[in-house]
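>>> Provided below are the primary sequence and the corresponding predicted coordinates.
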Amino acid sequence: MDTVGNGWLEEEHGVLRRILLGVSRSSQIKKAVSSLPVSSGIVARFVAGETAPEAVLATEKLVSNGLNVTLDHLGENVTDRAAASATANAYLDLLRKLSAAGLTKHAEVSVKLSAVGQALPGDGEKIALENARTICLAARNAGTTVTLDMEDHTTTDSTLGILRELRQDFPETGAVLQAYLRRTESDCRDLAYAGSRVRLCKGAYKEPESVAFQEKRQVDKGYVRAMKVLMNGDGYPMIASHDPRLISIAGALADRANRKPGSYEYQMLFGIRPEEQLRLAGLGHTVRIYIPYGEDWYGYLVRRLAERPANLQFFARSLISKK
Ligand SMILES: Cc1cc2nc3c(=O)[nH]c(=O)nc-3n(C[C@H](O)[C@H](O)[C@H](O)COP(=O)(O)OP(=O)(O)OC[C@H]3O[C@@H](n4cnc5c(N)ncnc54)[C@H](O)[C@@H]3O)c2cc1C
């Protein structure tokens, strides 16, 4: 297809993505979608299950194939303190189970601060920091690490502030930066220091033009600029993308910066491009798969559907047949 055609398709996709992310806020749609069983085709493709034992099982399978894992206990934007503590406890339980299964050398956890209290009125940031601290301590005792997921742009400063606090005691805590945000190249410069683990992703939320690039081409260019900073810096870049072009550019930039496999890693989501995950691992790269699990899978699923129009057909079929 010519570039004009591709550009048109990309624009259509961008519009569809923004509509879907907007519509997904309707409570009726959420009710209809959440009535799908987790075992239904479209949910099971992206989510490892609703319980910690299911997540551990999925981890075992991936690790036995030479892959590494980061696990996300699904849930976001909790509205009370008890729910924030429940999320923290779910992570402690998961870490105990991963440790008992001997998996913590290859499995860490990813935490959304909004799931541990960040959005609570008043002292939400303090509650999130304390809960995150508890999870970081449990992770360290289990011999592994935590990465703080990045959510919508209204939380970026708060999340990076909490990261700074956490890194005083747990310098191994990973950060996430989103290439679609105009500020990200500068944030990469701040975070490209020795020992700093930084996951770079494109970004999955509906963001206004004032803070974020809207077109795929602009986002991709932002990704490359950010990658250059991270690869040329002293930290540990974690390249989170399924985009073949960006994966290949990452390899070239790593070579140019004299980075060996193991001084950076590739990350992909559970269920997306599994052959590519194995291909990169087969070349000797560290590859980490993000495994989401838990009952609150709605927001995560919608973001995955919005990324790829083809997923929507599959999804519509699941909803009609409610298998
Ligand atoms: C490990 C990991 C952690 C992440 N953490 C965060 C985070 O903390 N905050 C955040 O905002 N975002 C996060 N993301 C999501 C990310 O921001 C993107 O939304 C997502 O990765 C899609 O972007 P892409 O780079 O794969 O490129 P795209 O241009 O979206 O996709 C490139 C190709 O990958 C394949 N692909 C991509 N998505 C799908 C899909 N849903 N279904 C099927 N095929 C697909 C297709 O072949 C597509 O052509 C994370 C992603 C990864 C991999």
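Alright, I've got the coordinates. Numbering: from 1, shown residues only.
>>> Where does pLDDT dip in the protein?
Across the chain, the ranges flagged by pLDDT under 70 are 1-16, 19-33, 35, 38-40, 309, 313-323.
>>> those strands in it, which residues are they?
Secondary structure of the chain (DSSP state E): strands at 68-73, 107-111, 146-148, 175-178, 197-201, 236-240, 265-269, 286-293.
>>> Can you name the residues of the stretch 51-200 of the chain sitting close to the ligand?
Within the stretch 51-200 of the chain, the positions lying close to the ligand (CB under 6 Å from any ligand atom) are 149-150, 176, 178, 199. The way it works is simple: take the backbone N, C-alpha and C, and place the C-beta from them, glycine included.
>>> For the ligand, see how far away the closest residue in space to Arg140 that isn't next to it in sequence is.
In space, Arg140 comes closest to Phe170 once its chain neighbours are excluded; the distance is 6.5 Å by CB to CB, 6 or more residues apart in numbering. To the ligand, Phe170 is 18 Å away according to CB to the nearest ligand atom, to the nearest Å.
>>> swap in Ala250?
Distance from Ala250 to the ligand, by CB to the nearest ligand atom: 11 Å.
>>> partners of the closest residue to that residue other than its chain neighbours in the sheet?
Leaving aside its sequence neighbours, Ala250 sits nearest to Ile239 (CB to CB, 6+ apart; 4.5 Å). Counting by DSSP bridges, Ile239 is bridged to Leu200, Tyr266.
>>> still on that earlier bit, list the contacts of the residue nearest to Arg140.
133, 136-137, 140, 146 (CB atoms under 8 Å, 6 or more residues apart in numbering).
>>> Try it again at 10 Å.
Each residue near Phe170 by CB atoms under 10 Å, 6 or more residues apart in numbering is listed here: 132-133, 135-137, 139-140, 145-146, 163.
>>> In CSV, list the C-alpha atoms belonging to stretch 101-110.
Extracted in CSV, the C-alpha atoms of stretch 101-110 (Å, rounded to 0.1, in the frame of the first residue of the first chain):
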residue,chain,number,x,y,z
ALA,A,101,7.3,-21.9,43.0
GLY,A,102,11.0,-20.8,42.6
LEU,A,103,10.1,-18.2,40.0
THR,A,104,11.3,-14.9,41.3
LYS,A,105,14.6,-15.0,39.4
HIS,A,106,12.5,-14.6,36.3
ALA,A,107,9.3,-12.9,37.5
GLU,A,108,8.8,-9.4,38.9
VAL,A,109,5.6,-7.4,39.5
SER,A,110,4.1,-4.3,37.8
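>>> picking up where we left off before, a markdown table for the residues of the stretch 51-200 of the chain next to the ligand, including neighbour count?
Supplementary listing: these in a markdown table, determined by neighbours: other CB atoms under 10 Å:
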| residue | neighbour count |
| --- | --- |
| Asp149 | 21 |
| Met150 | 25 |
| Val176 | 24 |
| Gln178 | 27 |
| Arg199 | 25 |
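>>> Save the residues you listed as CSV, and put in distance to Pro244 too.
Putting these into CSV (distance: CB to CB, whole Å) gives the following:
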residue, distance to Pro244
Asp149, 24
Met150, 23
Val176, 21
Gln178, 20
Arg199, 19
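>>> just to revisit the earlier point, and the contacts of Phe170, which of them are in helices?
132-133, 135-137, 139-140, 163 (DSSP state H).
>>> Just the buried subset of those residues, please.
132-133, 135-136, 139-140, 163 (16 or more other CB atoms under 10 Å).
>>> Now flag whichever of those is closest to Arg279.
Ala139 (29.2 Å; CB to CB).
>>> quick revisit: return the member of the buried ones among the ones in helices among the contacts of Phe170 nearest to Leu103.
Nearest to Leu103, judged by CB to CB, of these is Ala139 at 12.5 Å.
>>> Nearest to the ligand within the stretch 51-200 of the chain, name that residue for me.
Closest to the ligand within the stretch 51-200 of the chain is Asp149: 3.5 Å, counting by CB to the nearest ligand atom.
>>> how about the CA coordinates for stretch 248-257, as PDB?
What follows is stretch 248-257, C-alpha atoms only, in PDB (Å, rounded to 0.1, in the frame of the first residue of the first chain):
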ATOM      1  CA  SER A 248      14.600  -3.500  14.900                       C
ATOM      2  CA  ILE A 249      15.600   0.200  15.600                       C
ATOM      3  CA  ALA A 250      16.100  -0.700  19.200                       C
ATOM      4  CA  GLY A 251      18.600  -3.400  18.200                       C
ATOM      5  CA  ALA A 252      20.500  -1.000  15.900                       C
ATOM      6  CA  LEU A 253      20.700   1.700  18.600                       C
ATOM      7  CA  ALA A 254      21.900  -0.900  21.200                       C
ATOM      8  CA  ASP A 255      24.700  -2.000  18.800                       C
ATOM      9  CA  ARG A 256      25.700   1.600  18.200                       C
ATOM     10  CA  ALA A 257      25.800   2.200  22.000                       C
END
